[in-house]
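Undergrad: Have a look; sequence and predicted model below, questions after that.
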Amino acid sequence: MGFAGEIGVEWIDLDPDNARARIAVKSRHRQIVGIVHGGVYAALAESISSAATWGVVNEDGMAALGQSNNTTFLRPISEGHINASAQLRQRGRTTWIWDVEMSDDAGQVCALSRVTIAVRPRRD
């Protein structure tokens, strides 16, 4: 799936209310000091939110497009997985809002994101 595939997103469950995915941390995900680059968390949050939204709106000829992504970093990850759990907060006609919690393999929350997905007509 495009960029998500490039960064190694593994889809676990794209439920339209509670989606889950993860990334196995590789050297390409780390910044120079050895911890996962913040952009990886933001990309994972937007990827899971977009994919779960698209799974519903695509049937109606609509596209799911990232509109806003606010990611806060709480603790670093340097190995293992980034585990993402996305909970739908608002399902509107033109926007869906998701809260995404990302944790390490020990279950410690490492980053939080609020992602807004725009729902617009698809241009085939």
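TA: Arrived safely, thanks for sending. As the structure is a computational prediction, the values presented were derived from the model and not from experiment.

Undergrad: what bridges to residue 96?
TA: Bridge pairing for residue 96 (DSSP bridges) gives the partners residue 91, residue 117.

Undergrad: Residue 112 versus that one, what's the distance?
TA: Distance of residue 96 to residue 112, computed by C-beta to C-beta, to the nearest Å: 17 Å. The way it works is simple: take the backbone N, C-alpha and C, and place the C-beta from them, glycine included.

Undergrad: So for the two, which sits in the more crowded spot?
TA: A side-by-side neighbour count of residue 96 and residue 112, using other C-beta atoms under 10 Å, places residue 96 first with 25 against 16.

Undergrad: After the biggest helix by length in the chain, which helix or strand is next?
TA: The residue-count maximum for a helix in the chain (DSSP state H) belongs to helix 38-57. For helix 38-57, the following helix or strand on the C-terminal side (DSSP states H and E) is strand 62-73.

Undergrad: Dump that following strand to PDB, restricted to CA.
TA: What follows is strand 62-73, C-alpha atoms only, in PDB (Å, rounded to 0.1, in the frame of the first residue of the first chain):
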ATOM      1  CA  MET A  62     -15.000   8.500  -1.700                       C
ATOM      2  CA  ALA A  63     -11.300   8.900  -0.900                       C
ATOM      3  CA  ALA A  64      -9.700   9.200   2.600                       C
ATOM      4  CA  LEU A  65      -7.000  11.900   2.700                       C
ATOM      5  CA  GLY A  66      -4.800  13.000   5.600                       C
ATOM      6  CA  GLN A  67      -5.900  16.500   6.700                       C
ATOM      7  CA  SER A  68      -4.200  17.000  10.100                       C
ATOM      8  CA  ASN A  69      -1.800  15.000  12.200                       C
ATOM      9  CA  ASN A  70      -0.700  16.100  15.700                       C
ATOM     10  CA  THR A  71       1.800  13.600  17.200                       C
ATOM     11  CA  THR A  72       3.300  13.900  20.700                       C
ATOM     12  CA  PHE A  73       6.300  11.800  21.700                       C
END
